[in-house]
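> got a sequence here, can you build the structure:
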Amino acid sequence: MPDHEKATLDPTSSFGDELRKQREIRGISLKEIADSTKISKRYLEAIEKNDFAALPAPVFSRGFVREYARYLGLMPDEMVDRYMHFVRSDAERNLELPESLRDRSSIAEPTSNLGRNLWMAALALFVLTSVLWWFLVAVRKKSGTVKSDTVAGQSSARAPSLQRSTETTAQPAVTPGELTLNMKVRENSWITLQIDGQNAINDELSAGTEQVLRAKREFRFKTIGNAGGIDLVLNGTKLPPLGRSGAVIHDRVFTAAVTPASDTVGVPPFE
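Numbers count the residues shown, from 1 in each chain. I've put the predicted structure just below:
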């Protein structure tokens, strides 16, 4: 990889065109950059085409631009500043157009998030309704013919115990010979994860997402797009932060050799 150098930038070129020119001058392919940085090739293509609607949240796209520029030997901070300036300028140009011609890419992400939130709320309502229906059926079978007002009273009285049961299952017991990883997302983060060599996650996870993952041999995080935005608990032991908020890290591996008794659980300090 070439050393950092002051980029000679063409002010008449768009941000993506200039990056593409710098890459072609050096004879570097997008596949080479994608393989080295672990950034999806389609995101690199979107950056070069100024297709910002195809990129994830800004906290990730800034990290992608930084890694791309660093690989080309350009000044990462300068290129990130140029990228943000171009994004803002593009948004301002979009607002100046008639409404019928405006690029809707600037609102694509909030709309997508709203749809996702509505879907999750509907799913939660369905699950809650199913649990209550099952509970009422179980009470009817146990007590025989019961008046509806009595059943409702029993449901209200037993509701706290049902909630405690749900909270208990959220922290499953650790199985001997098996790795259990509790992952809680505090800030939106792009995760690419392999479990025992198989692709498990390759997506942007929203804040509030919690998952319990199990493996026989290892968890390998190929990419974490916001290292400071997730909390990890391995076999009951909370891991130290993997990086700062907004930092992009690669190839962090947790295996059976990492034991809960270790004070540092094998995680190197972040830069």
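> pLDDT score assigned to the closest residue to residue 34 other than its chain neighbours?
Closest residue in space to residue 34, ignoring its immediate chain neighbours: residue 41 at 4.2 Å, by CB to CB, 6 or more residues apart in numbering. C-betas here are computed from N, CA, C, even on glycine. In this model, residue 41 is scored at 91, pLDDT.
> residues in contact with residue 41?
By CB atoms under 8 Å, 6 or more residues apart in numbering, residue 41 lies in contact with 30, 31, 34.
> which ones among those lie within helices?
30, 31, 34 (DSSP state H).
> neighbours around the first one, how many?
Meaning residue 30. Neighbour count for residue 30, taken as other CB atoms under 10 Å: 18.
> how about low-confidence regions in the stretch 151-271 of the chain?
By pLDDT under 70, the low-scoring segments of the stretch 151-271 of the chain are 151-176, 257-271.
> leaving out chain neighbours, which residue sits closest to residue 227?
The shortest distance from residue 227 to any non-neighbouring residue, by CB to CB, 6+ apart, is to residue 243 (2.7 Å).
> for that neighbour, helix, strand, or coil?
When the structure is reduced to helix, strand and coil (DSSP: H, G, I helix; E, B strand; the rest coil), residue 243 reads as coil.
> distance of it from residue 230?
As judged by CB to CB, to the nearest Å, residue 243 and residue 230 stand 10 Å apart.
> again, but for residue 72
29 Å.
> more neighbours: these two, which one.
It is residue 230, of residue 72 and residue 230, that has more neighbours when counted by other CB under 10 Å, with 23 against 20.
> now do the contacts for the nearest residue to residue 217 once chain neighbours are set aside.
Nearest residue to residue 217, sequence neighbours excluded (CB to CB, 6+ apart): residue 196, at 5.1 Å. Counting by CB under 8 Å, 6+ apart, residue 196 touches 215, 216, 217, 218.
> ranking those residues by neighbours, who comes first?
Among those, residue 215 has the most neighbours (other CB under 10 Å), with 20 neighbours.
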